[in-house]
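Asks: Model the following, please.
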Amino acid sequence: MILTVTLNAAIDRTVAVPNFRLGRRHRAVESRTVAGGKGVRVTGRNQATGMIVSAVLKDAHPGWTAVEHREDAWTTLQTESPMGREDVKRSERGPMALLEMRVPTFWGRAVNQQNVSAYLVRDGVWADVHLSKVNFKEEDRALFEKVLASVRIEE
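Replies: Predicted coordinates:
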C-alpha cells in the first residue's frame with residue numbers, strides 16, 4: 001500500500017474582537033478554529049485490488065450543497081484537464097453527489113481507468129472522496145459500490 005499525506009495543511013484560527021483599535025488591548029468575544037491551508041488530502045492504494053482512494057477535506061463554499069461542489073469540480077475538470085473522458089455520469093445518492101467517468105487512454109497509452117468522486121458537505125466542510133482503478137473490468141464495480149457505501153462524514 002502507498003500512503004501519502006499532504007504537509008501543507010494549516011489550522012486557521014479566527015477571533016472576533018469588537019471595537020478594535022490599533023495599539024489597545026482587546027478581549028476576544030468568540031473564536032473559530034478550522035482546517036485551513038489548501039486542504040487536507042490522504043491517498044492510499046490497495047495492492048491486491050489496484051484501487052486508489054483519496055480523500056480531500058476543505059472549507060465548503062458558504063451555502064453550497066454537495067451537488068454545487070460537484071458541479072464546480074466538473075466545470076474545472078472540463079476546462080483544465082486535457083484527458084479524454086467517456087461514460088460521464090452525475091447522480092446523487094443520499095447526501096452524496098457523485099461524478100463517475102472512465103479515462104480510456106492517458107498520453108497515448110490504454111489505461112481504461114474508472115473514476116468515481118463522491119462529494120459531501122457538512123458543518124462548513126466539504127469532502128471529495130475519489131476512487132480510481134486502471135484496467136477496470138465490469139466485475140470491479142462491486143468493489144466501487146462497497147467503498148461508496150462506507151463513505152460518510154461523522155462527528
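
Asks: Below-threshold pLDDT in the chain: ranges please.
Replies: Low-confidence segments of the chain (pLDDT under 70): 1-15, 20-22, 32-39, 155.

Asks: Can you show me the helices along it?
Replies: In the chain, helices defined by DSSP state H lie at 66-80, 141-149, listed in chain order.

Asks: What segments of the chain are strands?
Replies: Using DSSP state E, the strands of the chain run over residues 3-5, 9-16, 30-37, 40-45, 52-59, 86-93, 96-106, 109-122, 125-133.

Asks: got the phi/psi numbers for residue 63?
Replies: Here the main-chain torsion angles of residue 63 (degrees, to the nearest 10) amount to phi 80, psi -10.

Asks: so who does it touch?
Replies: By CB atoms under 8 Å, 6 or more residues apart in numbering, the contact set of residue 63 is empty. For every residue, glycine as well, the C-beta is placed using N, CA and C.

Asks: Check the gap between it and residue 153 for me.
Replies: 17 Å (CB to CB, to the nearest Å).

Asks: got it, and residue 91?
Replies: 19 Å.

Asks: out of these two, which sits in the more crowded spot?
Replies: Each of residue 91 and residue 153 has its neighbours counted (other CB atoms under 10 Å); residue 153 has more, 15 against 11.

Asks: surely that one meets residue 125?
Replies: Yes. Contact criterion CB atoms under 8 Å: residue 153 and residue 125 qualify, at 7.1 Å.

Asks: May I have the beta-bridge partners of the spatially most central residue of the chain?
Replies: Nearest to the geometric centre of the chain sits residue 128, at 1.7 Å (CA atoms, centre = their mean). Beta-bridge pairing for residue 128 (DSSP bridges): residue 56, residue 119.
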